[in-house]
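Chemist: coords below, sequence missing:
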Ligand SMILES: [Zn+2]
């Protein structure tokens, strides 16, 4: 299991909190920068985005969530994704409140919108 995308340094933590707080007022901006499935900053994705079925890149989902035009965990709910990400971050030694900040916007992401 590759979870390097959630490796966060102390400096990143400060930046992360700022970006998440401002994200609430800048929904449009954050949409372009975060995976629309797990909420991971796209700049932290070592694969620089997921791949479509034809092999082209998408910047909508990260390389952990979206491969060859399909989600890695198609049955997952937003709540399960949230729990999964908090668990991954705990493994990286991240404080629980950071995990919570990181993941609380997951249900608002595009993948989980069933309008
Ligand atoms: Zn993702």
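Modeler: In hand now; what should we look at? Being a predicted model, the structure only gives us computed values, none of them experimental.

Chemist: Mind checking what secondary structure residue 74 has?
Modeler: coil (DSSP: H, G, I helix; E, B strand; the rest coil).

Chemist: What about it, how many residues nearby?
Modeler: By other Cβ atoms under 10 Å, 6 other residues sit near residue 74. From N, CA and C alone the C-beta is placed, and that goes for glycine too.

Chemist: quick one, strands of the chain?
Modeler: 50-51, 57-58, 66-67, 70-71 (DSSP state E).

Chemist: Now tabulate those in TSV and tack on mean neighbour count and distance to residue 39.
Modeler: Below are the strands of the chain laid out as TSV (neighbours: other Cβ atoms under 10 Å; distance: least, Cβ to Cβ, whole Å):
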stretch	mean neighbour count	distance to residue 39
strand 50-51	22	14
strand 57-58	14	16
strand 66-67	20	13
strand 70-71	13	14
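
Chemist: As a markdown table, these with distance to the ion and mean pLDDT would be great.
Modeler: Shown next, in a markdown table, are the strands of the chain (distance: least, Cβ to the ion, whole Å; pLDDT from 0 to 100):
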| stretch | distance to the ion | mean pLDDT |
| --- | --- | --- |
| strand 50-51 | 7 | 96 |
| strand 57-58 | 11 | 94 |
| strand 66-67 | 7 | 97 |
| strand 70-71 | 9 | 97 |
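
Chemist: what residues are up against residue 112?
Modeler: Neighbour list for residue 112: 37, 77, 78, 81, 106 [criterion: Cβ atoms under 8 Å, 6 or more residues apart in numbering].

Chemist: Cheers, nothing more for now.
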